[in-house]
Structure formats: structure tokens, C-alpha cells
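> model the structure of this input:
(2 chains)
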Amino acid sequence: MNTGIKIENIEKSFGTNPVLKGINLEVPSGQLVSILGSSGCGKTTLLRIVAGLERATSGHVYFGDELQDQITVEKRAIAMVFQKALLFPSMTIGENVAFSLRASKNPPKDIEKKVEDMLELVKLPGFASRRPGELSGGQEQRVSLARALMRNPKVLLLDEPLSALDANLRVEMRNFIREIHDSFEMTTLFVTHDQEEAMAISDKIAFMESGILEQYDVPESFVSSPESQKVAKFFGCRNIFSGIVVGDTFETAFSPLMLGKRQSKGSLIAVRQEDLKITKEKTMYSFEAIVTSWQFVGSRISIKCEVKNTSNQDTTEVIIESDRFAAFEVNEKVHVSYDPSRLHVISRDN
Amino acid sequence: MKVIFRPLFLGLFVFWIFFPFISIIIWSIAAGWRFPDLLPEQYSMRGYAIAFDPQGDIIRGVITSTLIALIVGIIATAIGSAAGRAIAMYDFKMKKAFQFLVLAPLIVPGLAVTMGIQILFIKYGLSDTVRGVILAHLIPTVPYVVMIMSGTFANFDRSYEEQGQVLGASRTTVLRKITLPIVLPGLAVSFLFAFVISWSEYILTLLVGGAAVKTLPMVLFAFLRGSDLTLVGAASIVFMIPPLILLRFTSKHLVGRSSSVTGLGSV
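Numbering: from 1, shown residues only, chains lettered A, B, ... in the order given. Model prediction:
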């Protein structure tokens, strides 16, 4: 059965404040898609509209071919996990997990067995009789996931379920979510503000900004070929230069940069800092710069350089990320080399 | 100095609270207690024998008062909870005016309101009836419930209800299985307040119920007008028992961790 999600021209306003501006998104059946964006971009509102918790001002939501607009929350084939685990405090863990079964009109007879199997799946065997307050944050979120899966949903909606957990646990849990998604036949929408999380587990990413879907693509594209300046910046690109495409080159204020592949027209170019290298000698694709400062970024170093503009008296700042053994001195004149195939002309500059 | 003053003040405070009770307890078992004796010369259980006489006014008053207070407690808690939730969780037009109207009976004397509605009560045949007394008792009780429940719902995370809905539960199931257990401390305290206020109400009962509805405070006042203080003492003790029993079961919600849920403590 096709359980893909189709979001068609969704608009949503709170009072006079528009939060979603014509969102169109198709999630193929069985895929895990992340809705990524900074706080307030409208990603959670979109998820709540898909769940039926919020009514869109206009537009439609389909699961497969079935229009969902008139279907109430409890009748949609969904399950949702929120940012907080929201385990019902008056119930044991087992009762929490069994909630959807007991809430249904025809509760199955072997509820306890199903609960135990589900708890085993989320690696919490024997926890059925415990109370919510006795669990750690990670364990609570596992129970919340088990409770959602118990409904056997066609569509699983996850609203930043990992944001309250510490860094190590987040990595463990995100992999776990991917495993769970793969072992169930369902389509998953995963809302997050963490690009690393989205890149790690998604089949595709829908990046949103100010209520607009900026780019919807496979994770790699957001790094190699961002469609807009906002996307490039969000995914950590530190070097975005303006200029024009002239033949096979992109003319910037400081140097023409050779383009390695046929690129679309645009007035901005994204050059990722890890794709630049500092060399002592001039290479086929390089430009001259002066090192102004550097600092550690994790186990690597970020080097700030100044490049003299050819078109005016100003300078352009270039950031290079390198391993920590790069040989240079501050104020030293160096060459910054690049790989033309890694440069990307941004087609939309917003 | 601190070491001396703390127990001294505590002792004085406890004495101030409990002295009237001690006096009532002694009166209830005194066979005769004349001034300037510190304690009665003789003791007797005569007061309790009359108080617990199944055919007596006191037991009948207890039954009537219990029935009225229980019904008032349930209705006030239901109405006040809905209003409290609306105030705490929703924005709507004229919210401030609604809040003021709901809480007005706390400021406007209930007596004045009752004087006003008495004509209406007579017109609709509610005067001198238990139904009329119950309605009148809702005037001073509902505002307290609204205050407590708006505090409770202000601390209530609505996401729990949404979580229930996305797990396939109907609104009724969500209310029964999720919301009610979470706000139960608030409901218990609301019921306690409404019960105790209704249980102790005299003036409103007198005006609406007249001589037809004899609640325990009415009986107690009748005894007070006589001069049998032993009977008054025993009746007063009986008067205190039901609220104390109720307090026993709800006290855990008045203090400690769950007090924040009832809006009486800090979160």
C-alpha cells in the first residue's frame, strides 16, 4: 500500500502572521525525510498540520491517495513522538506502551505480550512495571517511540525527539530511529534543527526558512550544491562570494575562479572552507592570500585569510578549514588552492 | 535567643489554633462547668447521646448537610473546572470581564446576591427546597474552584492531550485516561473547598431554605440560642468530623510536591 505523504500548497497564518507560505512536498512511501530549519521557520507547524493537530489556512495533505483534511487526529494512520517524551504520569511504562491498543475499540487480548515484545525492540525489556519518573531521558524517549510504534502507524511523525538529550545519546538514538524506521513499513517525517542529525539519517531533507521550503533534496546536495545562500549558510559554508559567470569562470572581486562543470547562471558562488587548501607554491587553481588569524575548531583549524580585490582597494575574507598540521605563519603570504569541481554557483540568491 | 523564641512562638501558635477546640471538647463532656473552675466538676456523655440519637435533629442535620455539600462539591468542581480551564488555557474575547464575573461573588457579599435572587427562587419554586439551597451554595463555592482549577490548568501541559490524540484516543478517552488523572490533585482540593464552604454555610441556607431545609449549621444555631453548652459542644464536635475526614484524604494535595499542581504552591 502506498503510504507516501503529499503536502499540497499548504499555507498557515496565526492571526495576521503567515508561518507557512505555500509548502509543496512529496515524501515517497517508506522514506525517512527530515524537515530541517532554524527555530520559528514553521517546521513544527507543518508537522502538526500533517498530524491533524493544526488546521491549515489553505492547502491539502494526502496519505497515499487519501485526502486527510477532514479526518480527525485520532483517526489518521499516524503516530507522533514529541520533543518531550510525555509519558502519562499516572500509568506504568507498560500501560503507557499499551495506551493505543487499549484506546482502540477492539483491544487485542495479548496486550501484555505485545508490550513486552515492543519494550524488547526498544531495548528496555522488563521495564513494563516501572513508573515514568524512574527512567533517564533517553529511556523515556525510547518508551515514547515504543508507544507510538505500538499503533502500527503508516506515517510516523517525530517532532525534535532528540533535542532534550545529551550529545552522545543523540547520536545513539538517531541511529536507533533509522533502524526502527527500516524495520517497520512506514513513512517517517522527522523534524529537527540539527543539520548533522538530518544528514545522518535521512533519505531526503526538506530545508525550510521563514515558512518557505528552500530546498528538498538528498543530504549530499545540501553540501555540494545548495540552491540558495540561506541553504549554503545553514549547512556551514563560510565562503560565499558574489560575482558573475563568464564562460567557464566565475569572476569574483579578487580573482576569477575556474568552474569545473557546467553551472547555471547566478551571482553567488559557494566555496566550502574544507575544499580550500593552503599551499606554499602557486598551483593551477589557486589565488594569493595573507593569513590574518587562525583558531581550533574541534580537532581541525580554521584559518582566516585576506585576499586583495583586483576591482577595488578592499579585501575579501576567505576561510579555510585545514588539518592542524598546516604549515603557515600569521601575516604570511600563501596560496589558496581549490578544486574547480567543488565550486558551486548558487542559482537563487533570495 | 533564636533557640528560645522559635519553640515559644510555635507553642503559642499551636495553642492559639487549638485552644478553642480544647474548650469545645471539654464542654462536650462536661456535666456542669461553673466559673471560676478550671475544669468541670463532673463529666457525662449526655451531649453525645443526644447528638448521635438517630431520630434527633443533629443526625438529620448531618445527613442533610452531607447530601447538600456532596452535591454542591460535585457541581461546583465540574463548573469551576471548566471555567478554570478556559481562563488558564484559552484566549477569548472579553476574557477579563469573564474572569471578573466568575470571581465577583468572592468580593460581592453572597448575602446581597441571595437577597437579589430570592424573588427569582420563589418564582421558580426553588425557595424552601434542597435544590434551591444547592443552587445558592454554588454562589460562594464556584469562584474558589475556578481559582484553584485555573492554577491547576496553568501548570498543565496540553501536549499530554495531544499525545493521547495522536495515539488514536478519542476526546472522551483523553479526558478520562489522561487529563483527569493529571489534574486530580486540583480536583480533590477544589472538592474539599466547595464541600467545606457548603457544609459551613448558614446565612444562605437560612434565606433560601427557610425552616424547611435543616442543615447542621441551622440546628447548631438553634442549640446556641438555648443555653445547653454541653449539647452545643457535642454538636460542634460532630460538625467538625466530616470536613476532617475529607481533609485526611485530600491533605497530601494541599502541601508538598503536588501543591503546585493545585495552584497553591510554586512550580
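> what parts of the stretch 51-200 of chain B come near chain A?
B:157, B:159-160, B:162-170, B:173, B:177-178, B:181-182, B:184 (C-beta under 8 Å from any C-beta of the partner chain). Placement of C-beta: from N, CA and C, glycine included.
> now do 10 Å
B:157, B:159-171, B:173-174, B:177-178, B:180-182, B:184 (C-beta under 10 Å from any C-beta of the partner chain).
> looking at the residues you listed, which are in helices?
Among those, the members falling in helices (DSSP state H) are B:159-166, B:171, B:173, B:180-182, B:184.
> skipping its backbone neighbours, what lies nearest the residue sitting nearest the centre point of chain B in space?
Nearest to the centroid of the C-alpha atoms of chain B, with distances taken as C-alpha atoms, centre = their mean, sits residue B:196, at 1.6 Å. Leaving aside its sequence neighbours, residue B:196 sits nearest to residue B:243 (C-beta to C-beta, 6 or more residues apart in numbering or on different chains; 4.9 Å).
> cool, residue B:219 as well?
residue B:61 (3.9 Å).
> mind telling me what element that neighbour is part of?
helix B:57-89 (DSSP states H and E).
> circling back: hang on, the residue nearest to residue B:196 packs against residue B:192?
Yes: under the criterion of C-beta atoms under 10 Å, residue B:243 makes contact with residue B:192 at 8.0 Å.
> still on that earlier bit, elements contacting the helix holding residue B:61?
helix B:46-51, helix B:95-107, helix B:130-154, helix B:180-200, helix B:203-209, helix B:216-225, helix B:229-254 (3 or more C-beta pairs under 10 Å, 6 or more residues apart in numbering or on different chains; DSSP states H and E).
> want to throw the ones you listed into TSV with mean pLDDT and distance to residue A:315?
Output for the helices and strands packed on helix B:57-89, formatted as TSV (pLDDT from 0 to 100; distance: least, C-beta to C-beta, whole Å):
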stretch	mean pLDDT	distance to residue A:315
helix B:46-51	88	98
helix B:95-107	88	58
helix B:130-154	94	56
helix B:180-200	93	61
helix B:203-209	89	85
helix B:216-225	88	90
helix B:229-254	85	69
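> so what's the residue nearest to residue B:196 up against?
Counting by C-beta atoms under 10 Å, 6 or more residues apart in numbering or on different chains, residue B:243 makes contact with B:69, B:192, B:195-196, B:199-200.
> check residue A:302 too.
Taking C-beta under 10 Å, 6+ apart, we find residue A:302 in contact with A:238, A:273-274, A:293-296, A:319-322.
> quickly list what it is bridged to.
Assessed by DSSP bridges, residue A:302 has beta-bridge partners residue A:295, residue A:321.
> any idea how far residue A:293 is from it?
Residue A:302 sits 9 Å away from residue A:293, taking C-beta to C-beta, to the nearest Å as the criterion.
> grab the nearest non-local neighbour of residue 209.
Picking chain A for this. Residue A:209 sits nearest to residue A:230 (C-beta to C-beta, 6+ apart), 5.0 Å away.
> not what I meant, chain B
residue B:133 (4.5 Å).
> the one you found and residue B:202 touch, don't they?
No: contact criterion C-beta under 10 Å: residue B:133 and residue B:202 do not qualify, at 11.3 Å.
> what sits in contact with each of these two?
Shared contacts of residue B:133 and residue B:202 (C-beta under 10 Å, 6+ apart): residue B:215.
> thinking again about what came up before, and the contacts of residue A:302, which of them are buried?
A:238, A:273-274, A:294, A:319-322 (16 or more other C-beta atoms under 10 Å in any protein chain shown).
> and the residue of the stretch 1-150 of chain A nearest chain B?
Closest residue of the stretch 1-150 of chain A to chain B, C-beta to the nearest C-beta: residue A:90 (3.5 Å).
> now the closest residue in space to that residue that isn't next to it in sequence: how far from residue B:156?
If you skip the residues right next to it in sequence, residue A:90 has residue B:181 as its closest partner in space, 3.5 Å away by C-beta to C-beta, 6+ apart. Using C-beta to C-beta, we find residue B:181 at a distance of 11 Å from residue B:156.
> and the two? Which one has more around it.
Ranked by neighbour count (other C-beta atoms under 10 Å in any protein chain shown), residue B:181 and residue B:156 place residue B:156 first, with 19 against 15.
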